[in-house]
Structures are given as structure tokens and as C-alpha cells.
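**Student:** just a sequence and a predicted model for now, questions to come.
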Amino acid sequence: MYEFASGVINVWEKHLLSKLDQERMLKAPNRESAFLVLFDTDLGNVISPQIQNNIEEILRQDLLALKQRLEGVLDDNGFLLSFLFLQFDAWNLKGILKSIFFAEKAKEFQSFVFSLQSYENLNDYVRTALGLQAKKILSEQKSLHYYVAKMTDEALQKSKELFGGQAVVSAQAIEKVVDEAYFHTKSAMAKKSPSLLELVKLEIDIANLRSVLGGSGAPDFLPGGNLTKAHIEHLMKTHKGGETEKGIKEFLETLQLSFFIEHLRHEHALIVLDKQLDGYIAQRFFQLSQEKGSGAEKVVAFFQKKINTHANIRLILFAKENQLDSAHIEKILLPI
């Protein structure tokens, strides 16, 4: 089904930020010189005089252009595009719920314009469902995007169950409610492909491992991954100085995640460990793409490369602007 898209992506890949381009940025004497490298990549197509001083707007326009290009080459009725871009609707949903529950404290939220559903329509849908406004006719579509609606309805139902009558709702609780709905929806989508299902399970594992790094109490466990709640609770004890059971070590080795335990007790290495988790999932994307050669895995891997190049560009330009040592920055760049 994805043979045509795979062939087109082979061409697109030649214009992505390459490892050589990245090296040129790292060796550039200043931010301005590093930025000029981007004109030699596909980002040069979206950089205009109006936005050339705003790297975030450049990257936003790049993802919006990617979404439009993928719509033109994928012939699966929007399935894979939905699989890739649903995460941005999840982030928009978090922003909407936080603005509702923390109206007087809500920080300025920058919505994602490349989401499957417009922020405005999703906001209307959520506020109507929660009884905060009269029903409106959606301006762009008669109903929400199918997968966005599934995720949103599940999150809203759980929100009503958990937050009904509560005087205090934490931002962390909102994050968990949306994450559970997002991964449940994405897991159901991924059942069409063993490779996609494997990737979603690993994404859930990474989210759970991150809760170990950031939590001081009981970790917020998300079901559906390879790791169980008992695994995560035990790793939390390890993070606090306890010993790691042999069985858990061996299981993490099977998943190629043994590096997590090696760095877990070193507080100074946690930022590196966090980046390693991002790198781990990306490497698995790329590995599956190489094994298959074409297909959905090829499309997903290309999308992940694009996301990783954006993260690396931000980091390198930040380092140049603040005169940070490129050697240290290079250690935490994501694979591309």
C-alpha cells in the first residue's frame, strides 16, 4: 500500500538535514553561520524574510508542509497520517483542559497548527461536552476527526469520573488522563500492523520510564506497554537507592533498555538519560524501516527523522547563541 509513498520519501530524504549538515552547524563559529546551513536543506523552502528570525515558526511551517505533502502521497484514507499526527491533538487537548481547570492561572498555550483537528474546533467540542457553552456548528467539519473524537471522548469521560466534584485538579492528573486516552487510541490503530504496535508499546514504555525519572511519589503508570506496573514501581525504588532485581535487569536487556538502570542512580546524568530514551525509540523506528525497506515503517521513520532534526536544530542554535561547548551538545543530539 505504501510503495509509492516510500519511493517519494526516498527522494525527500536526500534533502533532510544530514549528519554532515549537522556537523557543519556544530562547527560554525556562531549562531548566524549555523543558521545558514539550513538553507542547504528542505527547510530552505519554508524560510522567508518574515520568519527567518523565528526558528519556532520556521519549524512549525516545516511540519505543516510535511503534513500536506504526506496527505498527497499516502493512499490509506488518512490512517497513517492520523497515526503520526494524533500526538499534536493530544497536546492541544491537554492545553484546552488545563485552560478550563486553571483558567486564572493558565499560561499562554501555543497550539499546534498541524494537528488533525483545528484547535478552535477541538476547544468548542470539549467545552460543549463539559457543558461550558452551547453547542456550535463546527466551522471546518461537521464532526471531529474520527480518531481525535475517540481520544477526546475517552479523555473527557475519564475526566468527569476523576474530577467530578473535586475542588483541586492537578496538571499532572490532566496529563495522565489525556496520555491514557491517546495511547489507548493509538494502540487500537496500531493493531493493523505488528511493527506499529511494537512501536506504540515502546512509546508507552518510554513514557512510564520517564515517570520514574520525574516522580517523587508513586509513578503515573500507563497500561499497554511491555513493562508492568510492578516493573515501574521497582525501578522507582532503584532510583531512590534500592537494588534492581535480576529478572527486571534481564527483561530490560531483552528490550535493549539496560542503559536505563546504568544511569538511573546518577542524578547528573539524568538529562543525558532522558535524551537516550528519545534516541532509543528513534533507533528502533529506523531499524524497522531498514528491515522492511518500504511500507508504513518507512513513512514512520522519515517522520521521526524530521522530528529529531527539529530537536537537534533547536539545541545547536541554542548552544551557539549561548556560547556553549559543542562537544557537550553533540553527546545529547538525537539520531537522524
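**Tutor:** Sure, I can see it.
**Student:** these two touch, right, residue 315 and residue 333?
**Tutor:** Yes: proximity of residue 315 to residue 333 meets the contact threshold set by CB atoms under 8 Å, at 6.6 Å. The way it works is simple: take the backbone N, C-alpha and C, and place the C-beta from them, glycine included.
**Student:** roughly how far does residue 227 sit from residue 199?
**Tutor:** Using CB to CB, to the nearest Å, one obtains 15 Å as the distance from residue 227 to residue 199.
**Student:** excluding chain neighbours, what is closest to the residue sitting nearest the centre point of the chain?
**Tutor:** In the chain, the C-alpha nearest the mean C-alpha coordinate belongs to residue 87, at 6.2 Å (CA atoms, centre = their mean). Distances taken as CB to CB, 6 or more residues apart in numbering place residue 182 nearest to residue 87, at 7.0 Å, with adjacent residues excluded.
**Student:** where does the protein dip in pLDDT?
**Tutor:** 103-108, 133-142, 164-168, 215-219, 239-245, 263-270 (pLDDT under 70).
**Student:** redo that, cut-off 80
**Tutor:** Along the chain, segments meeting pLDDT under 80 span 1, 102-110, 132-143, 162-169, 213-220, 237-250, 254, 256-274, 292-293.
**Student:** which helix in it has the most residues?
**Tutor:** Scanning the chain for the longest helix, with DSSP state H as the assignment, gives helix 296-321.
**Student:** and the next helix or strand past that helix?
**Tutor:** helix 326-330 (DSSP states H and E).
**Student:** what's that following helix packed up against?
**Tutor:** helix 19-27, helix 296-321 (3 or more CB pairs under 8 Å, 6 or more residues apart in numbering; DSSP states H and E).
**Student:** off-centre distance for it?
**Tutor:** Between the centre of helix 326-330 and the centre of its chain there are 23 Å (CA atoms, centre = their mean, to the nearest Å).
**Student:** pull out the buried residues from that helix.
**Tutor:** 326, 329 (16 or more other CB atoms under 10 Å).
**Student:** and the contacts of that helix?
**Tutor:** Helix 326-330 has contacts (CB atoms under 8 Å, 6 or more residues apart in numbering) with 26-27, 315-316, 319.
**Student:** now the residue nearest to residue 321 when sequence neighbours are not counted: how far from residue 25?
**Tutor:** Leaving aside its sequence neighbours, residue 321 sits nearest to residue 31 (CB to CB, 6+ apart; 4.8 Å). Distance of residue 31 to residue 25, computed by CB to CB: 10 Å.
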